[in-house]
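Asker: let me see the structure of the following:
(one chain, ligands or ions: 1)
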Amino acid sequence: MKIIPKKSLGQNFLVDDNVVKKICNSGCINEEDYILEIGPGTGKLTEFLILKKPQKLYLIEKDSGLIGLLNKKFKNKVEVINEDILKFELKVLTNNNLVVFGNLPYNISSQILTKFIHYNKEEFQYKKLVFMFQKEVADRILADYNTKNYGRLSIFSSWKLNIEKIMDIDPSSFFPKPKVLSTLLVFEPKKQFVKFKNSRNLEYITNIFFNQKRKMIKKPLNILFKDPNKVVKELNLNINLRPQNLTKDTFYKICLIYEKLIQQ
Ligand code: SAH
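Answerer: Numbering: from 1, shown residues only. Purely as a prediction, here's the structure:
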């Protein structure tokens, strides 16, 4: 059967065995592990994951045109789920700590990462995420304050996750070739992180700040707080700074104050 890659589903299939091995090994999986692969496509990465003999391997693939192929290729070695990862309720899968892999569809890669960050440990657990992004998105995830790529995604990702860059990957490792470089990242849940009542508040706040990232922080503070001066004093903020100059910790503190105030 001939597969014609669908651009709308971000289909860039891996064709380089060395890269696939590297992705697979970055998960450090062993035989006790439960694995989830997002967007297995034609199953190139899946082939290598199976060799690690995990307890269980779940595949979530949106393209119904690939489901028959995956079932045939892997028979009863995997559980193929024909769903959209953004809509699928992951907590129904298992109570076991998952290792999650994905050469992610680039158009929704940051939404997929965000979905994992929103889960509480009580709802659903994972021990590692091994994800491939467009380099430009990975750079935003990795960025720290006072740099140009710093923003919502950097603040949100490192709130709960330790992030390690494994490597950049050349377009020639994929078919069809993407126009840009890709980057492989590994995420592990932090043991300690600031607890919010609702993680959506952190997204909301950083949204307000970075919607106008060239403006001084005075404006977003005015939008968020009835008495912004109180917040400025409490956190000792310089209101002439721009959002990109505030550390991640400062945003977490702003979010804590915001949550305290909206509750009143
Ligand atoms: N892992 C494969 C394919 C990666 S391309 C490889 O490396 O060769 C991205 C894959 O994600 C495609 O198979 C695409 O159909 C799938 N995909 C796209 N959107 C999806 C979604 N919302 N939910 C689940 N899978 C999706």
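Asker: quick one, helices of this protein?
Answerer: Here the chain has its helices, by DSSP state H, at 17-26, 44-51, 67-74, 109-118, 135-142, 152-160, 199-210, 218-224, 228-235, 248-263.
Asker: which strands or helices does the second one pack on?
Answerer: Counting contacts by 3 or more CB pairs under 8 Å, 6 or more residues apart in numbering; DSSP states H and E, the secondary-structure elements packed against helix 44-51 are strand 13-14, helix 17-26, strand 34-38, strand 56-60, helix 67-74, strand 98-103. For every residue, glycine as well, the C-beta is placed using N, CA and C.
Asker: and the stretch 1-150 of the chain, which residues reach the ligand?
Answerer: 9-14, 38-41, 44-45, 60-63, 84-86, 103, 105, 108 (CB under 6 Å from any ligand atom).
Asker: if we go to 5 Å?
Answerer: Residues of the stretch 1-150 of the chain found near the ligand, taking CB under 5 Å from any ligand atom as the criterion, are 9, 11, 13-14, 39, 41, 44-45, 62-63, 84-85, 103, 105.
Asker: out of those residues, which are buried?
Answerer: Buried members of those, scored by 16 or more other CB atoms under 10 Å, are 9, 11, 13-14, 39, 41, 44-45, 62-63, 85, 103, 105.
Asker: tabulate the helices and strands packed on helix 44-51 (a markdown table), appending distance to Ser154.
Answerer: Shown next, in a markdown table, are the helices and strands packed on helix 44-51 (distance: least, CB to CB, whole Å):
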| stretch | distance to Ser154 |
| --- | --- |
| strand 13-14 | 27 |
| helix 17-26 | 21 |
| strand 34-38 | 22 |
| strand 56-60 | 26 |
| helix 67-74 | 34 |
| strand 98-103 | 20 |
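Asker: looking at the ones you listed, which is buried most?
Answerer: strand 98-103 (a mean of 25; mean count of other CB atoms under 10 Å).
Asker: once you drop chain neighbours, what's closest to whatever residue of the stretch 151-264 of the chain ends up closest to the ligand?
Answerer: Going by CB to the nearest ligand atom, the ligand is nearest to Phe174 of the stretch 151-264 of the chain, at 7.5 Å. Excluding the flanking residues, the one nearest Phe174 by CB to CB, 6 or more residues apart in numbering is Asn12, at 4.2 Å.
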